[in-house]
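Asker: Here's a sequence, model it:
(one chain, ligands or ions: 1)
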Amino acid sequence: MRRRAKVAVVGAGAAGLVAARELLREGHASVSVFEKSGRVGGTWAYDPRADADPLGRHDPDSPGGAVHGSLYASLRTNLPRELMGFSGFPMAGGRVFAGDPRTFPGHREVLAFLDAFAEESGVLTHVRLRTEVLRVRPLGNEQGERWVVAWRGEDGEVAEEVFDAVVVCNGHCTVPLVPKIRGIDKWRGKQMHSHNYRVPEPFRESNVVVVGLGASGIDIAREISYVAKEVHIAARYSEDRLGKIERYQNVWLHAEIDCIQDDGRVKFAEGSAVAADTILYCTGYRYHFPFLDLDGLTVDDNRVGPLYRHVFPPKYAPNLSFVGLPSKTVIFPSFELESKWVAAVLSGRVTLPSEEVMMAAVREDYRRMEEAARPKRHTHALWPEWVEYVNWLADQVGEPHLDARLCDMYERALKCIWSLDDRYRDRWEEEEKVHNGGDSAVSSVLGINLPEHRIA
Ligand SMILES: Cc1cc2nc3c(=O)[nH]c(=O)nc-3n(C[C@H](O)[C@H](O)[C@H](O)COP(=O)(O)OP(=O)(O)OC[C@H]3O[C@@H](n4cnc5c(N)ncnc54)[C@H](O)[C@@H]3O)c2cc1C
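Answerer: Numbers count the residues shown, from 1 in each chain. Have a look, this model is predicted:
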């Protein structure tokens, strides 16, 4: 007998939408998706507003206080659309949702894709918009047999409802992670986190230090360089590429920031120093669950734990789960497989190991990370083992492994991002067209040889 659970999903971004679809497909009794904003799509709903504090140091516990979105106006996807679809509902294959057929479309196209997905999958009717989850707690003294969800609706009223299970999909690109810089008290310029970056104009004629060389850091540094006097990127693992970046007029690559000197200049680890107007942190985000306060479940140095395979906290499994924590993977396909796993475990079609066995697996994962000297904060950053994870999830739910061509495409996209080639998206597309979409065509542009550790 399959169990048909009453399930609450927190958040109607890409993760919450696909989680809801899989729960419905699995035949669960009811699925309610709580969404605090006025629409579905989460991150992909571009929000021109920025936080009052440029570093996003709002009180993250004060509900509704922060701007959720972190997209900049010009943002195009950093992955090709083929890697951003769901099974039975691809984004590629000639499908266009907001008039932007590019291989790496702008954010409006992704949002329109998610709107269409919500509608056509039937999930939209299960979404409660403008309904913010304030608290999720186990009922009574139970260890998570059932859950009480407290939320505030549009009218400001707070209500509670009991569910059999809760799937947390609240997104993880909202609360800035800002590194501590030695001597920052001597800094007299501006500071901002990429969460609050929207357009380059405020940086006209100024000198900017961009910290971090992830996808956003690279995009933003490039965009600012067209209006700024100088852009200096500070990044780890950049030792062999230090100095002026050839293809830009006014961009230099440095090692990470060492300190702010007494004279207020920014000193980099390789020894050089620059005077700057702004430090712009493109240093990622913190996992944050203001509605959860559970014994034995913590966020420590950006490790959410303990979690069995990034999804189930052993103590509260299977009725509490998280979809969408991993990064450095094919994000949408990972969301879908995690969701399928959650839906199948909740129905009883798939069983989890005992709490002890799950805890032992978590401890083993942590041990292996330590052995490999990987910092705790990278717990949910899956590269280079992302394929193993995605295929492991597929095995749990009897789905085929990820197509080798797509695996290859993702690795190549990462190398493109790292190549600092500001035209990689268009070049990829041009070559795709010339060679009629052949994989070998893409590889000439993308066969960039970079040391493997740079991609992490
Ligand atoms: C700048 C940037 C560029 C990116 N580019 C790409 C890319 O090219 N390709 C890619 O695959 N991914 C990209 N990503 C990653 C992106 O985060 C994922 O694609 C995905 O959209 C995340 O979906 P999510 O559902 O986990 O979170 P979100 O999209 O953040 O959705 C979470 C939802 O939960 C809601 N919510 C939160 N708390 C509550 C609460 N208490 N009650 C009710 N509702 C709540 C929020 O309002 C939101 O709608 C990018 C991210 C950023 C920031």
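Asker: Pretty sure residue 148 sits in a helix.
Answerer: No: using DSSP: H, G, I helix; E, B strand; the rest coil, the secondary structure at residue 148 is strand, not a helix.
Asker: Helices along this protein, start to end?
Answerer: Assigned helices in the chain, in chain order: 14-25, 107-120, 215-225, 331-347, 355-371, 386-396, 404-418, 424-434, 439-446 (criterion: DSSP state H).
Asker: List the contacts of the fifth one.
Answerer: Helix 355-371 has contacts (Cβ atoms under 8 Å, 6 or more residues apart in numbering) with 305-309, 312, 314-315, 317, 352-353, 376, 378-379. C-beta: built from backbone N, CA, C; applies to glycine.
Asker: Would you mind listing the buried residues in that helix?
Answerer: Neighbour-count burial for helix 355-371 flags 355, 358, 359, 362, 365, 366 (criterion: 16 or more other Cβ atoms under 10 Å).
Asker: so how far is residue 317 from the fifth one?
Answerer: Right, residue 365. Distance, residue 365 to residue 317, using Cβ to Cβ, to the nearest Å: 16 Å.
Asker: can you pull the buried residues of stretch 195-205?
Answerer: 195, 196, 197, 198, 200, 202, 203.
Asker: Between the two ends of that stretch, what distance do you get?
Answerer: End-to-end span of stretch 195-205 (Cα to Cα, to the nearest Å): 22 Å.
Asker: Show the average pLDDT along it.
Answerer: Mean pLDDT, stretch 195-205: 98.
Asker: try stretch 171-184
Answerer: The average pLDDT for stretch 171-184 rounds to 96.
Asker: Can you tell me what sits against stretch 375-393?
Answerer: Residues from elsewhere that reach stretch 375-393, judged by Cβ under 8 Å, 6+ apart: 287, 300-305, 309-310, 325-330, 333-334, 337-338, 340-341, 365-366, 369, 399, 401-402, 407, 410, 414, 452, 455-456.
Asker: and with 6 Å instead?
Answerer: Contacts with stretch 375-393, where a contact means Cβ atoms under 6 Å, 6 or more residues apart in numbering, come from 301-303, 310, 325-329, 334, 337, 341, 401-402, 407, 456.
Asker: do the same with stretch 115-126
Answerer: Outside stretch 115-126, the residues that touch it by Cβ under 6 Å, 6+ apart are 17, 20, 21, 31, 33, 40, 89, 97.
Asker: Recalculate using a threshold of 10 Å.
Answerer: 7, 9, 12, 14, 16-25, 30-33, 39-41, 44-45, 85-86, 88-89, 91, 95, 97-98, 127, 332 (Cβ atoms under 10 Å, 6 or more residues apart in numbering).
Asker: so what's residue 37 up against?
Answerer: Taking Cβ under 10 Å, 6+ apart, we find residue 37 in contact with 11, 12, 13, 45, 47, 64, 68, 69, 129, 130, 131, 132.
Asker: The closest residue to the third one other than its chain neighbours and residue 216: what is the separation?
Answerer: Yep, that's residue 13 we're talking about. Distances taken as Cβ to Cβ, 6 or more residues apart in numbering put residue 42 closest to residue 13, at 2.2 Å, once the chain neighbours are dropped. Remark: distance between residue 42 and residue 216 (Cβ to Cβ) = 16 Å.
Asker: Then residue 157?
Answerer: 38 Å.
Asker: Also residue 88?
Answerer: Counting by Cβ to Cβ, the gap from residue 88 to residue 216 is 30 Å.
Asker: Between these two, tell me which one has more neighbours.
Answerer: Ranked by neighbour count (other Cβ atoms under 10 Å), residue 88 and residue 216 place residue 216 first, with 23 against 11.
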